[in-house]
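Student: A predicted structure for the sequence below; I have some questions about it.
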Amino acid sequence: MHRSKLQIMLALAVVFLWATTPAVGKITLQNMNSFELLFYSFPFSVLALLIAIALDKGLGALKGYTLKDYGTFAFMGFLGCYMYYFLFFAALDIGSAQEVFILNYLWPVALVLFASFLLNEKLTKTKLAGVSLGFGGAMVIILGGNGGMLTFNPLADVIAVLAAFTTGLFFALGKKLKYDKLVATFHYYLFACLLALLTFSPFIHIRKLSMLELFGVGWIGAFTDGIATFLWFKAIELGEVARPASIVFLTPFVSLIFIYFIIHEPIIPAPIIGLLLIILGAWLVDQENLRL
C-alpha cells in the first residue's frame, strides 16, 4: 500500500478511536472523577501495548535499551501522557467543557508548527491555510451546540493552551526519536502509569469498579489512549505531519455521531458546515503534499 494512503487510513483509525472518548468518558464519569479515570485507565494502556508487542514482535523487543533510553522514555511519558492529561483535566475542572474542548484543538496546529522547527518540514502558506480551515471547522462543530455563546475563564484558557502545545511538542519529538514506535509508546505509558500511581494514590480511594466503569476505563486506556497514540505516531512517521493533522479535525464531528447513538443527544445543522471546512482543509493539505 502506498505510504500516503496508509497514512490517511491510520489517521482515520485514530479519529475513530479518539471520537469515542466523549461518549464513553461521559458515561464512565457518572460515578468517578476525571483523575480516578486517569488513574485506572493508564494500566490498561500499558497492558494493551504490552499485548500488542508480544503478538507483533515478541517480548524480546523490550530488551537492549540503555539508561539514557529509559530517561528519554520517562521524559516523553511525563510530557505527553501524564502532563498533558494533568493539564487538560485541570483546565476542565475550572473552565467549561466546551471552552477547553475548543482550545484543545490547537494541538494539531501546534504539531505542524513544531514540525517546521524540529523536523524541518516546510511550512507553506497552503499547508497552514489547510490546517487553519480544519481548526475552523472543528470550532464550528463545537460552537454549534450553543450558538457560539461562551464564558471564558482566563486561567482555564492558559492551562488548556499549555496542554495543547504540550501534546503538539510530544508528537513532534516522538516522530523525531528513532525508536520503534510501538515499543516507545509502551514505555511512555509505563512511566506515565508509574507517575500516576505515585502522585494520585494518596488522593484516590481504590475500590472495586462496576462492569460499566471497568469497560469505560478499559476502553479509554487501551484504545483511545494507548493504541491510538501508537497509531498516530505511525501515521506521522509515514510522511509530513500536516496531512494527518488536517484529518484529525474530523474527530469532533465523528464524536457527535457516537454521542447521538450512545447518549442520544440530537445533532444540529452546524456540524455539517464544520465538516465541509475540515474536508476542504484536508484537500488543500493533500494538494500541497502532491506538489512537494
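Tutor: Happy to help now that I have it. Predicted model, so just to flag it, every value in this text is computed and none were measured.

Student: where in the stretch 1-150 of the chain is pLDDT low?
Tutor: Across the stretch 1-150 of the chain, the ranges flagged by pLDDT under 70 are 1, 97-98, 142, 144-150.

Student: the helices in it, which residues?
Tutor: Secondary structure of the stretch 1-150 of the chain (DSSP state H, counting those that start in this stretch): helices at 3-19, 21-28, 34-56, 67-76, 84-94, 97-104, 107-118, 125-143.

Student: Out of those, which is closest to A156?
Tutor: helix 84-94 (4.7 Å; C-beta to C-beta). The C-beta positions use only the backbone N, C-alpha and C, and glycine is treated the same way.

Student: That closest one: which residues count as buried?
Tutor: Neighbour counts using 16 or more other C-beta atoms under 10 Å place 84-92 of helix 84-94 among the buried residues.

Student: Relative to L47, which of these is nearest.
Tutor: Y85 (17.7 Å).

Student: how much space between the closest one and A228?
Tutor: 13 Å (C-beta to C-beta, to the nearest Å).

Student: these two touch, right, T28 and V217?
Tutor: Yes. Counting by C-beta atoms under 8 Å, V217 is a contact partner of T28 at 6.4 Å.

Student: which residues do the two both contact?
Tutor: Residues touching both T28 and V217 (C-beta atoms under 8 Å, 6 or more residues apart in numbering): L37.

Student: Please name the residues that touch V14.
Tutor: Listed by C-beta under 8 Å, 6+ apart, the contact set of V14 reads 228, 231-232, 235, 244, 248.

Student: What of D93?
Tutor: Counting by C-beta under 8 Å, 6+ apart, D93 has contacts S34.

Student: again, but for C81
Tutor: 42, 45, 188-189, 191-192, 225, 229.

Student: contacting residues around the residue lying closest to it once chain neighbours are set aside?
Tutor: Once flanking residues are discounted, C81 sits nearest to A192: 3.4 Å by C-beta to C-beta, 6 or more residues apart in numbering. Counting by C-beta under 8 Å, 6+ apart, A192 makes contact with 42, 45, 77-78, 81-82.

Student: Tell me the spacing between A192 and V241.
Tutor: Counting by C-beta to C-beta, the gap from A192 to V241 is 22 Å.

Student: export the strand or helix carrying I257 as CSV, just CAs?
Tutor: If you go by DSSP states H and E, I257 is part of helix 251-258. Output in CSV follows, covering the C-alpha atoms of helix 251-258 (Å, rounded to 0.1, in the frame of the first residue of the first chain):
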residue,chain,number,x,y,z
THR,A,251,-12.7,13.9,15.5
PRO,A,252,-15.4,16.2,16.9
PHE,A,253,-17.7,15.5,14.0
VAL,A,254,-17.4,11.8,14.4
SER,A,255,-17.8,12.3,18.2
LEU,A,256,-21.2,13.8,17.6
ILE,A,257,-22.3,10.6,15.8
PHE,A,258,-21.2,8.5,18.8
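
Student: ok, now which ones touch the residue lying closest to A11 once chain neighbours are set aside?
Tutor: Distances taken as C-beta to C-beta, 6+ apart place P244 nearest to A11, at 3.8 Å, with adjacent residues excluded. Applying C-beta under 8 Å, 6+ apart, we find P244 in contact with 7-8, 10-11, 14, 232, 235-236.

Student: coming back round to it: tell me which two of the contacts of V14 sit farthest apart.
Tutor: Of all the pairs that the contacts of V14 form, the one spanning the most space (C-beta to C-beta) is A228 and P244, at 12.2 Å.
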